[in-house]
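[1] Requesting a structural model of the entry that follows:
(chains A and B)
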Amino acid sequence: MRIFSFILLLLVWQVSSFIIKSDVLPSPKTVLTIFFDEMINGEMLYHLSITLWRVILAFTIAMLVGTGLGIAMGSRKNVNIMLDGWHILLLNTPALVIIILCYVWFGLNEIAAITAVALNKIPNVLVTIREGTRAIDRKILQVADVFKVNYKKKFISFFLPQLYPFIMAAARGGISLIWKIVLVVELLGRSDGIGFKLNEFFNLFDIASIFAYTLSFVAVMVFVEYAIIGPIERRLNKWRTI
Amino acid sequence: MENNLKDKPLNMPHDLLVNIHEKNYENKNQSSYNSALKNMKFEVPQGQFCCLVGPSGCGKTTLLNLVSGLDENLKGTIRYQDGSLPKEWPIGYMFQEPRLMPWLTVKQNVTIVTQQTPEEIKLSENFINEMGLNKYMNSFPSELSGGMQRRVAIARAFVNKPKILLLDEPFISLDETVGNLLRQMLLKLWALQKTTVIFVTHDLREAIYMSDRILFLSKGPSKVIHDFNINISRPRDLDDKKLDSLRIKLINNHPDILSGKI
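    Predicted structure coming up:
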């Protein structure tokens, strides 16, 4: 069924490009030719790896900071009251505004780019993890207390596993949002990466290359979903499926 | 196996001395205080199986939380004879629910409360075997029945060689056959370990079968209203007429004792 739907998409694409006969909608064949040509002879792999690196870095920072703040705000009322206003402010600031401000304040450099992406994602991670922390089963933590489990083990073995579903939900939503924002950041202020190349192709009106580059990154993200996130999730949820 | 369970003899008696002047509960709605326990005083000699029986809501769970140190807010003292606090020593606790971690296997659920040394892992396996769960060592709690989950909780309660074992109506909501099997298993382990036990229940039949001594509690603010020794030799038979006649005698002498009046 999945394969059928994929073939149908290709077919519709091929037929419409045949009817339109314009550079605006290149045929799948043209895109694939450019894709492989860029991959083997061109700069695609270089830009792809740069973008991927930024995604990984921003994702890691956003998850760590968002999870830390989410746990703190979910478990301590005072921390929540203290930070909630800032959080709502950040959550509702448009991504573009954060990116522009980061570039203005920190300069057109890598740190500004990564910070901007992470800042865009942190509030979302925080919301999910805070809800998760509030849903923690205190009775399980009491078990750790009464058997005098040390603090580190209590956190890792009694507290954190209860948060895993929330962390996975935040990660899944996070990775797709982050790579979209990374492209905008690259477009606005970097001289490498897929976002930069897309802008270049846009100026040259090279739509086929835009398709080819998009395809490359979608392929990477599909790989990440099936080869990394999926297996981790299955492992963590082993006890549920039985 | 038995050597494993029996080593580390306790070298000096650690009778538990409970002396509570008052334990209050903050009433959030009225900003007033409700007294849960008042002038509660008793001693539990080391190794005794002591039952607490009282009407529901009389503060039995509160008392266990105070002994375990989960709740430290009280006027009064709960100490061993040598002045140490119960929480300074290993404690075993069985809650009303099994409270197993669903993401850990049976074996992991038991070893998680230990330091996970090779000896302790071996000991955990021994206890799980003793509970008749050797086939389920690597199963998850969701695959087990309620009675089996409680057996895991028993193993976990014993694995740290507790100086005191606190049991909060652990066999409630089990059918009689399963409940009786677990009672026997608990007594068997207790006979090997000789740890002090405080067992909370409102089932008089269960209390008489299990314990050396029953403390009857009044309604809140609760205190000890009757101290009743049971001198029937062990191992006891559930169908022993002596157990039943003891219960009937007790009820005849104090008809309202289960509702907290003497």
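
[2] What residues does the closest residue to chain A within the stretch 151-262 of chain B make contact with?
    Per CB to the nearest CB, B:N160 is where the stretch 151-262 of chain B lies closest to chain A, at 6.4 Å. Just so you know, the C-beta spots here come from the backbone N, C-alpha and C atoms, and that holds for glycine as well. Taking CB atoms under 8 Å, 6 or more residues apart in numbering or on different chains, we find B:N160 in contact with A:147, B:90-92, B:113-114.

[3] so where does whichever residue of the stretch 101-250 of chain B sits closest to chain A fall, helix or strand?
    As assessed by CB to the nearest CB, chain A sits closest to B:V113 within the stretch 101-250 of chain B, at 3.8 Å. Assessed by DSSP states H and E, B:V113 sits outside every helix and strand.

[4] Would you mind giving the contacts of B:N160 as JSON lines with pLDDT added?
    As requested, the contacts of B:N160 are exported to JSON lines (pLDDT from 0 to 100):
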{"residue": "A:F147", "pLDDT": "90"}
{"residue": "B:P90", "pLDDT": "90"}
{"residue": "B:I91", "pLDDT": "92"}
{"residue": "B:G92", "pLDDT": "92"}
{"residue": "B:V113", "pLDDT": "92"}
{"residue": "B:T114", "pLDDT": "91"}
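
[5] so, if you compare these, which one comes nearest to B:K75?
    If you rank the contacts of B:N160 by distance to B:K75 using CB to CB, B:I91 comes first, at 22.1 Å.

[6] Residue ranges in chain A under the pLDDT threshold?
    Regions of chain A meeting the criterion pLDDT under 70 cover residues A:241-242.

[7] burial count for B:L238?
    For B:L238, the neighbour count with other CB atoms under 10 Å in any protein chain shown is 12.

[8] nope, A:N203 is what I was after
    8.

[9] Show me what the helix or strand encompassing it is packed against.
    Following DSSP H and E, one finds A:N203 within helix A:194-204. The contact analysis (3 or more CB pairs under 8 Å, 6 or more residues apart in numbering or on different chains; DSSP states H and E) places helix A:194-204 against helix A:44-75, helix A:160-189, helix A:207-224.

[10] out of those helices, which comes closest to chain B?
    It is, among the helices and strands packed on helix A:194-204 and with distance given as CB to the nearest CB, helix A:160-189, at 4.9 Å.

[11] mind listing what's buried in that closest one?
    A:161-171, A:174-175, A:177-179, A:181-189 (16 or more other CB atoms under 10 Å in any protein chain shown).

[12] elements contacting the strand or helix carrying B:E125?
    Taking DSSP H and E as the definition, B:E125 sits inside helix B:118-130. When contacts are defined as 3+ CB pairs under 8 Å, 6+ apart, helix B:118-130 packs onto helix B:2-6, helix B:106-111, helix B:146-159, helix B:176-193.

[13] Of all the residues in the last one, which ones are buried?
    When you say that, I think you mean helix B:176-193. Here helix B:176-193 shows B:178-179, B:182-183, B:185-187, B:189-190, B:193 as buried, counting by 16+ other CB under 10 Å.

[14] Tell me where the stretch 1-150 of chain B has strands.
    B:16-27, B:32-44, B:49-53, B:75-80, B:91-94 (DSSP state E, counting those that start in this stretch).

[15] Figure out which of those is closest to A:N124.
    strand B:16-27 (37.1 Å).

[16] ok so, going back, give me the mean pLDDT for the helix holding B:E125.
    In this model, helix B:118-130 has a mean pLDDT of 92.

[17] Dump the C-alpha coordinates for it into PDB.
    Extracted in PDB, the C-alpha atoms of helix B:118-130 (Å, rounded to 0.1, in the frame of the first residue of the first chain):
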ATOM      1  CA  PRO B 118      27.200 -10.100  42.300                       C
ATOM      2  CA  GLU B 119      26.200 -11.400  45.700                       C
ATOM      3  CA  GLU B 120      23.100  -9.200  45.800                       C
ATOM      4  CA  ILE B 121      22.100 -10.200  42.300                       C
ATOM      5  CA  LYS B 122      22.400 -13.900  43.400                       C
ATOM      6  CA  LEU B 123      20.400 -13.200  46.500                       C
ATOM      7  CA  SER B 124      17.700 -11.500  44.400                       C
ATOM      8  CA  GLU B 125      17.500 -14.600  42.200                       C
ATOM      9  CA  ASN B 126      17.300 -16.800  45.300                       C
ATOM     10  CA  PHE B 127      14.300 -14.800  46.600                       C
ATOM     11  CA  ILE B 128      12.600 -14.800  43.300                       C
ATOM     12  CA  ASN B 129      13.000 -18.600  43.100                       C
ATOM     13  CA  GLU B 130      11.800 -18.900  46.700                       C
END
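
[18] Including pLDDT and distance to A:L83, could the buried residues of helix B:176-193 go into JSON lines?
    Shown next, in JSON lines, are these (pLDDT from 0 to 100; distance: CB to CB, whole Å):
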{"residue": "B:V178", "pLDDT": "88", "distance to A:L83": "49"}
{"residue": "B:G179", "pLDDT": "89", "distance to A:L83": "49"}
{"residue": "B:L182", "pLDDT": "90", "distance to A:L83": "48"}
{"residue": "B:R183", "pLDDT": "91", "distance to A:L83": "51"}
{"residue": "B:M185", "pLDDT": "89", "distance to A:L83": "50"}
{"residue": "B:L186", "pLDDT": "91", "distance to A:L83": "48"}
{"residue": "B:L187", "pLDDT": "92", "distance to A:L83": "53"}
{"residue": "B:L189", "pLDDT": "89", "distance to A:L83": "49"}
{"residue": "B:W190", "pLDDT": "91", "distance to A:L83": "50"}
{"residue": "B:Q193", "pLDDT": "84", "distance to A:L83": "49"}
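
[19] overlap between those residues and the residues near chain A?
    Checking the buried residues of helix B:176-193 against chain A by CB under 8 Å from any CB of the partner chain, not one of them is in range.

[20] Export these to CSV and append columns for distance to A:L32.
    Converted to CSV, those look like this (distance: CB to CB, whole Å):
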residue, distance to A:L32
B:V178, 65
B:G179, 69
B:L182, 67
B:R183, 72
B:M185, 68
B:L186, 70
B:L187, 74
B:L189, 69
B:W190, 74
B:Q193, 72
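
[21] about what we covered before: reformat the helices and strands packed on helix A:194-204 as JSON lines; add distance to chain B.
    Converted to JSON lines, the helices and strands packed on helix A:194-204 look like this (distance: least, CB to the nearest CB, whole Å):
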{"stretch": "helix A:44-75", "distance to chain B": "18"}
{"stretch": "helix A:160-189", "distance to chain B": "5"}
{"stretch": "helix A:207-224", "distance to chain B": "24"}
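
[22] closest one to A:N199 among those?
    helix A:160-189 (4.7 Å).

[23] what about the residue in chain A that chain B sits nearest to, neighbour count?
    Nearest residue of chain A to chain B (CB to the nearest CB) works out as A:F147 at 3.8 Å. By the criterion of other CB under 10 Å, A:F147 has 22 neighbours.

[24] I figured it was touching B:F95, is that so?
    No: at 11.5 Å, A:F147 and B:F95 do not qualify as touching, with contact defined as CB atoms under 8 Å.
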